[in-house]
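Enquirer: A structural model of the following input is requested.
(chains A, B and C)
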Amino acid sequence: MLELRLVQGSLLKKVLESIKDLVNDANFDCSSTGFSLQAMDSSHVALVSLLLRSEGFEHYRCDRNLSMGMNLGNMSKMLKCAGNDDIITIKADDGGDTVTFMFESPKQDKIADFEMKLMDIDSEHLGIPDAEYQSIVRMPSNEFSRICKDLSSIGDTVVISVTKEGVKFSTAGDIGTANIVLRQNTTVDKPEDAIVIEMKEPVSLSFALRYMNSFTKATPLSDTVTISLSSELPVVVEYKVAEMGYIRYYLAPKIEEDEEDTKA
Amino acid sequence: MLELRLVQGSLLKKVLESIKDLVNDANFDCSSTGFSLQAMDSSHVALVSLLLRSEGFEHYRCDRNLSMGMNLGNMSKMLKCAGNDDIITIKADDGGDTVTFMFESPKQDKIADFEMKLMDIDSEHLGIPDAEYQSIVRMPSNEFSRICKDLSSIGDTVVISVTKEGVKFSTAGDIGTANIVLRQNTTVDKPEDAIVIEMKEPVSLSFALRYMNSFTKATPLSDTVTISLSSELPVVVEYKVAEMGYIRYYLAPKIEEDEEDTKA
Amino acid sequence: MLELRLVQGSLLKKVLESIKDLVNDANFDCSSTGFSLQAMDSSHVALVSLLLRSEGFEHYRCDRNLSMGMNLGNMSKMLKCAGNDDIITIKADDGGDTVTFMFESPKQDKIADFEMKLMDIDSEHLGIPDAEYQSIVRMPSNEFSRICKDLSSIGDTVVISVTKEGVKFSTAGDIGTANIVLRQNTTVDKPEDAIVIEMKEPVSLSFALRYMNSFTKATPLSDTVTISLSSELPVVVEYKVAEMGYIRYYLAPKIEEDEEDTKA
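Expert: Okay, the predicted model is just below:
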């Protein structure tokens, strides 16, 4: 039997909004340590990895490991029916073919339960090795979202370059070129406004803006985003989910050839 | 001659928004007691009944009973041109073929008058007998609107069931089932937040969500909605219009056969 | 060399939004006195005239007169990437074929530069003679915008009539007629709320609402708008751009024949 009670139910609503455009169907894996998901996007280019640790739930009961295949579009439709202040409980029986989402209003005068059929989904769990990154940028998530959106109006590919001076986001397209440079800035009033650049080695990599824009759907989850870059490794774009976990997006850089096209 | 001056003109704007999607053309009936409308929706399934009592107008002159046929879409276009704080006056001559809407800004520096052709509309006024209802639910109107909208993302039909425990709204569709239960709750800070259930007999009836969602267009008119239910009677969904009247929607329950389909 | 630094960069963003729907491609003319544009709309009916005086810029360097042909749609895409508090600098080399827009965030931790190709655009600069107007109306710009939008839901043409009583905006269409009268009102708390009518001679002229609605895209630039009217002269609809200039729209009145159609 599975029963996971999340007081801050809006987190689960935001998690779904962060992945439903990228992934249609996926297995949610429940174990004693947490509720997680790992899935390739539908074009098999980007990887999403979600973890919500068991300690983050008010009540977490998972008698045995369960993998529940869900259509994320349908799951999102149901979660949209939860109020932003509702407590959400996920329930399933071992061996059952449905999952139930229960929404309790803070005043307990409204209780909703939504039951959804589970699906059988083939999926292989990829091992993601820990890696050392040449450069790691931490910045306000809404600034990153704004930059990706702005550059998309000019070009299709973003070149992210980290040097001692800062991090540069560049693109080029039919109507012209664009370069946006952020300097390290840690003297800020609110720590979430800081721009922190940890550079071991300078790095310059190209990525499809389309995917970056999908990743920024997670912006409401966290005030900051961390971008980890290394040549020949997929970039990791990470958003923390409160104190209880994270959502990470992995995307392979475009090869040299493509990069040429986007140089200003 | 007809001259009705309504200081809170926004009420008339909201009334039009509440009925214009349901009814295309209708007769507004003016008598010494008030300004009223009764009309079937365009598919002849639901009935709308509006009453604005003469006492609610700052000035109410209606020399003889008048029935004015109007296209509600066009009337709504004109009323949208009134500011939310404007005073609205409805004017017509006996036997004339036009109606004039006059909008006065609160500071009296802007006066608009919009003249619209009247139409000849055949309509029979149905007598709606007073009835005893098995159960009456009073609840916040935005909560009812939210529930109808949420359930529409899952199914087409809502089953409304009133028992001692409370009122349950249920639906079922391809992606799963949903049940939302509200408990009576009268210990609230604001009286309009109360959920009050007057149950003489338990009742369980099915309705098309499409119509319920049309009715909830009246939500801006009133903080509360009253739902009156009896087997073999149309449901009445009523919104008060300030202290001066009401808008009531009538909808026949779906027959047993349909109900089966929606059982969870 | 050209280098124009505008601290209140949002003004330039708003200027572009005010003209990009009316004009596709246009020459911006830079001289020692200012940055200006004059262009016919794409259907060659209305004329737009923009002036930003050199004194309004924090830094203004223009070594020799330059005429820079730009696609306003593309320019607008780039300016939308500037934050509302950003400082915008326009840069170009004499004889170069590109222009660069630089955006600096107020905290100087984000610097963006967008480079756009210039175009060769044939254009003749029309001399606009100073004229005496029979009537000049100054009113809140959002009120003018609202009136044009409201009348558009009824008809295609607006008749603007100025008399001693005030200014009247009228239209007529299939669903009826509309008249909106504004009275002079100078006893207001905020000077920008005043309605000031300078009438030398009464005047009544007809204009296509489609163009008037395009002109009101400039509403965010200024709290007030000035409408200058004379028989047999194009109307001038003017919005001030802060203390540094203006944007003026010119539109010829419709001829008598058309006017007849719109009389109530």
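
Enquirer: hey, let's count contacts and neighbours off CA atoms from now on
Expert: Fine.

Enquirer: so where's the stretch 1-150 of chain A shaky on pLDDT?
Expert: Along the stretch 1-150 of chain A, the model assigns pLDDT under 70 to no residue.

Enquirer: 80 - rerun?
Expert: A:123-125 (pLDDT under 80).

Enquirer: Excluding chain neighbours, what is closest to the closest residue to chain C within it?
Expert: Going by CA to the nearest CA, chain C is nearest to residue A:150 of the stretch 1-150 of chain A, at 5.3 Å. Among residues not flanking residue A:150 along the chain, residue C:81 sits closest, at 5.3 Å (CA to CA, 6 or more residues apart in numbering or on different chains).

Enquirer: show me the contacts for residue A:165.
Expert: Residue A:165 makes contact with A:183-184, according to CA atoms under 8 Å, 6 or more residues apart in numbering or on different chains.

Enquirer: Distance of it relative to chain B?
Expert: Distance from residue A:165 to chain B, counting by CA to the nearest CA, to the nearest Å: 50 Å.

Enquirer: What residues does the stretch 1-150 of chain A have near chain C?
Expert: residue A:150 (CA under 8 Å from any CA of the partner chain).

Enquirer: buried ones in the longest helix seen in chain A?
Expert: Secondary structure of chain A per DSSP state H: the longest helix is helix A:141-152. Judged by neighbour count using 16 or more other CA atoms under 10 Å in any protein chain shown, the buried positions of helix A:141-152 are A:141-145, A:147-152.

Enquirer: Please apply the same query to stretch A:37-49.
Expert: A:37-41, A:46-49.

Enquirer: which of these sit farthest apart?
Expert: For those, the farthest-apart pair by CA to CA is A:37 and A:46; their separation is 13.8 Å.

Enquirer: Give me the phi and psi angles of the residue sitting furthest away from the middle of chain A.
Expert: Centroid-distance maximum for chain A: residue A:109 at 33.2 Å, with CA atoms, centre = their mean. Main-chain torsions, residue A:109, degrees, to the nearest 10: phi -100, psi 0.

Enquirer: quick revisit: what is the distance between the longest helix of chain A and the centre of its chain?
Expert: 15 Å (CA atoms, centre = their mean, to the nearest Å).

Enquirer: what does stretch A:184-193 give?
Expert: A distance of 23 Å separates the centroid of the chain from that of stretch A:184-193, by CA atoms, centre = their mean.

Enquirer: With adjacent residues omitted, what lies nearest to residue A:117?
Expert: In space, residue A:117 is closest to residue A:98, 4.4 Å off (CA to CA, 6+ apart).

Enquirer: Could you give the number of residues near that neighbour?
Expert: By the criterion of other CA atoms under 10 Å in any protein chain shown, residue A:98 has 18 neighbours.

Enquirer: ok, back up a step: average pLDDT for the helix or strand just after the longest helix of chain A?
Expert: Once the chain leaves helix A:141-152, the next helix or strand it forms, by DSSP states H and E, is strand A:157-163. Averaged over strand A:157-163, pLDDT sits at 97.

Enquirer: which secondary structure elements does strand A:157-163 contact?
Expert: Counting by 3 or more CA pairs under 8 Å, 6 or more residues apart in numbering or on different chains; DSSP states H and E, the packing neighbours recorded for strand A:157-163 are strand A:166-173, strand A:203-208.

Enquirer: Include mean pLDDT when you put those into a markdown table, please.
Expert: Rendered in a markdown table, the data for the helices and strands packed on strand A:157-163 read as follows (pLDDT from 0 to 100):
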| stretch | mean pLDDT |
| --- | --- |
| strand A:166-173 | 97 |
| strand A:203-208 | 97 |
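
Enquirer: Pick the most deeply packed of those strands.
Expert: Burial of the helices and strands packed on strand A:157-163 is given as mean neighbour count (mean count of other CA atoms under 10 Å in any protein chain shown); strand A:166-173 ranks first at a mean of 24.

Enquirer: which ones are touching the residue farthest from the centre of chain A?
Expert: Applying CA under 8 Å, 6+ apart, the residues near residue A:109 are B:182-185.

Enquirer: go again using 10 Å as the cut-off
Expert: B:166, B:181-185, B:194-195 (CA atoms under 10 Å, 6 or more residues apart in numbering or on different chains).

Enquirer: looking at this, residue A:212 is in a strand?
Expert: No: assignment of residue A:212 by DSSP: H, G, I helix; E, B strand; the rest coil gives helix, placing it outside any strand.

Enquirer: Do you know the pLDDT at it?
Expert: We have a pLDDT of 98 for residue A:212.

Enquirer: what's the burial count for it?
Expert: Neighbours of residue A:212 under the rule other CA under 10 Å: 22.

Enquirer: Chain neighbours aside, what residue packs nearest to it?
Expert: Nearest non-adjacent residue to residue A:212, counting by CA to CA, 6+ apart: residue A:148, 6.6 Å away.

Enquirer: Could you report the separation of the one you found from chain B?
Expert: Separation of residue A:148 from chain B (CA to the nearest CA): 32 Å.

Enquirer: Test my guess that that residue contacts residue A:216.
Expert: Yes: Residue A:148 is in contact with residue A:216 according to CA atoms under 10 Å; the separation is 8.3 Å.

Enquirer: near chain B, which residues of the stretch 1-150 of chain A?
Expert: Residues of the stretch 1-150 of chain A lying close to chain B by CA under 10 Å from any CA of the partner chain are A:71, A:73-75, A:77-83, A:98-105, A:107-118.

Enquirer: Go again with 6 Å.
Expert: Within reach of chain B by CA under 6 Å from any CA of the partner chain, the stretch 1-150 of chain A has these residues: A:81, A:109-116.

Enquirer: Serialize the buried residues of stretch A:37-49 to JSON lines and add fields for secondary structure and distance to residue A:23.
Expert: Putting the buried residues of stretch A:37-49 into JSON lines (DSSP: H, G, I helix; E, B strand; the rest coil; distance: CA to CA, whole Å) gives the following:
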{"residue": "A:37", "secondary structure": "strand", "distance to residue A:23": "11"}
{"residue": "A:38", "secondary structure": "strand", "distance to residue A:23": "10"}
{"residue": "A:39", "secondary structure": "strand", "distance to residue A:23": "7"}
{"residue": "A:40", "secondary structure": "strand", "distance to residue A:23": "7"}
{"residue": "A:41", "secondary structure": "coil", "distance to residue A:23": "5"}
{"residue": "A:46", "secondary structure": "strand", "distance to residue A:23": "10"}
{"residue": "A:47", "secondary structure": "strand", "distance to residue A:23": "9"}
{"residue": "A:48", "secondary structure": "strand", "distance to residue A:23": "8"}
{"residue": "A:49", "secondary structure": "strand", "distance to residue A:23": "11"}
